[in-house]
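A.B. asks: Here is my input, please return the structure:
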Amino acid sequence: MDQSDLDWVAAIEPHCYPIPWSRRGLELALRHGMGFVFCDRDDAPLGYCFVQMAADEVELLNFTVAPEAQGRGVGKAALQALLNRFDGGRFAQMFLEVRVSNTPAIRLYQGAGFNEVGLRLNYYRNPDGSREDAIVMAFTFL
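C.D. replies: Numbers count the residues shown, from 1 in each chain. The predicted model follows:
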């Protein structure tokens, strides 16, 4: 991913999250980590993710499938490709946080081999000012 992809990413964010990342937040994530856009065979974007690496860990900061591509196996294929990218011996684990209410994402992550390792109370904020817990999940590279 590069700066030219951020217009599309910024346009998709509000359709996927109650509190979307700002354009500035997306730019910072790209500058300080890595971003990937996943596309179909015709190079049309279907989703994106941002990761950050520290020591032997990878943190999945944002994993998004565009609404029109959801329910077609795009997330499953993209997540597996992402795990394969970091499975080379350098990294021990990949971590992520997910809203406790995001059942489809939790199932996706569990299906890929992620396990629940913790809970962050009141981690996410909602548009109405309320807070929601986050499940911390980890994938261990063998």
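A.B. asks: Residue 89 versus the closest residue to residue 123 other than its chain neighbours, what's the distance?
C.D. replies: Here the nearest residue to residue 123 in space, its sequence neighbours aside, is residue 134; by CB to CB, 6 or more residues apart in numbering that works out to 3.7 Å. C-betas here are computed from N, CA, C, even on glycine. Using CB to CB, to the nearest Å, residue 134 is found at 29 Å from residue 89.
A.B. asks: Between the two, which is the more surrounded one?
C.D. replies: residue 134 (19 against 9; other CB atoms under 10 Å).
A.B. asks: And the pLDDT for the more buried one?
C.D. replies: Reported pLDDT at residue 134 in the predicted model: 98.
A.B. asks: these two touch, right, it and residue 99?
C.D. replies: Yes: A contact is recorded between residue 134 and residue 99 when judged using CB atoms under 8 Å, the distance being 6.3 Å.
A.B. asks: Common neighbours of these two, please.
C.D. replies: residue 124 (CB atoms under 8 Å, 6 or more residues apart in numbering).
A.B. asks: Bridged to the residue nearest to residue 123, which residues?
C.D. replies: Using DSSP bridges, the bridge partners assigned to residue 134 are residue 99, residue 120.
A.B. asks: show me what contacts it?
C.D. replies: When contacts are taken as CB under 8 Å, 6+ apart, residue 134 is in contact with 97, 98, 99, 100, 119, 120, 123, 124.
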